[in-house]
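> Structure, please.
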Amino acid sequence: MVMAENRYNPAVIEPKWQGVWESERTWEVSNDHVRAGDGGELEKCYVLEMLPYPSGEPHVGHLKNYALGDAIAHFNRRIGRRVLHPMGYDAFGLPAENNAIKTGIPPREATERSIRAYRHWFHRWGISIDWSRELSTSEPSYYRWTQWLFLRLYERDLAYRKEAAVKWCPNDQTVLANEQVIDGRCERCGHEVEARQLEQWFFRITDYADRLLDDLELIDWPEYVKAMQRNWIGRSEGAEVTFRCEELGID
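Take a look at the predicted model:
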């Protein structure tokens, strides 16, 4: 008996179903309560991968990361959970700054161009994202809340200014993060890096160190992740030592 050969043709099949998902808004999740067949509420599941830096083109590393997250989202849908799988872009900071200096393109223009590329390839890859939940940290609708949060911290004396040593590149005239310094030189221009005392903002995170450490026991996280958090917080307890001078009879 001769079996009919049905070959998988991604150029035909994938655009078809991606179009269906987009037109039917398959992956969108509303804020409304949804009941299960037994009358109870469907169990909720939140799937969020690390947000990409929109400072260049998507590559195979992004596909690896978001394909894994997408598999987790699909698995939870298959077992009856209501899955929220959003997308966002970590658009502030060193990657955007470095990309603007490297290309000469204004950061907003370069960031928006990069976001369009990510959006295009996420659609092509068929990642099941709720696009009604898309955000970018460079948009005022997002950073208004980080500014609001900063003001609350400042009002409660949890944000303050003081002088501290920083790594400074005399050529680029900018402060560098640790990862931008390679063998004592600026990663960008190769100039020797200096240590300077500059006034900057700090947060009093140590005020919450004990609570953060204690509450790790209440979170259902893998133990290695908790260990990383404990090491990052870095609580240390000092020691009291008494030195006795017998000759003088004093401590």
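> Which parts of this structure are strands?
Assigned by DSSP state E, the strands in the chain fall at 44-46, 82-84, 87-89, 134-136, 159-169, 174-176, 181-182, 185-186, 194-203.
> Of those, which is nearest residue 26?
For the strands of the chain, proximity to residue 26 was assessed by CB to CB; strand 82-84 is nearest, at 11.3 Å. The C-beta positions use only the backbone N, C-alpha and C, and glycine is treated the same way.
> by contact count, what packs against that closest one?
Using 3 or more CB pairs under 8 Å, 6 or more residues apart in numbering; DSSP states H and E, the elements in contact with strand 82-84 are strand 44-46, helix 60-78.
> Identify the residues contacting stretch 71-90?
Stretch 71-90 is contacted by residues 27, 29, 34, 36, 42-48, 51-54, 69-70, 111, 114-115, 118, 122, 128-131, 133-138 when judged by CB atoms under 8 Å, 6 or more residues apart in numbering.
> Against residue 173, how distant is residue 22?
Residue 22 sits 46 Å away from residue 173, going by CB to CB, to the nearest Å.
> neighbour count winner among those two?
In terms of neighbours (other CB atoms under 10 Å), residue 22 is the more surrounded of residue 22 and residue 173; the figures are 12 against 7.
> I'd guessed that one sits against residue 122; true?
No - judged on CB atoms under 8 Å, residue 22 makes no contact with residue 122 at a distance of 11.6 Å.
> Please enumerate the shared neighbours of these two.
Counting by CB under 8 Å, 6+ apart, residue 22 and residue 122 have no shared contacts at all.
> how about the lowest-mean-pLDDT helix or strand in the chain: buried residues?
Ranking every helix and strand in the chain by mean pLDDT, DSSP states H and E puts helix 94-103 at the bottom, with a mean of 79. By neighbour count on 16 or more other CB atoms under 10 Å, the buried set for helix 94-103 is 95, 96, 98, 99, 100.
> domain ranges for this structure?
Domain assignment for the chain by automatic domain parsing gives 36-156, 157-203, 204-251.
> looking at those domains, which is closest to residue 8?
Per CB to CB, nearest to residue 8 of the domains of the chain: domain 36-156, 13.4 Å.
> Span of that closest one from start to end?
For domain 36-156, the separation between the terminal residues is 44 Å (CA to CA, to the nearest Å).
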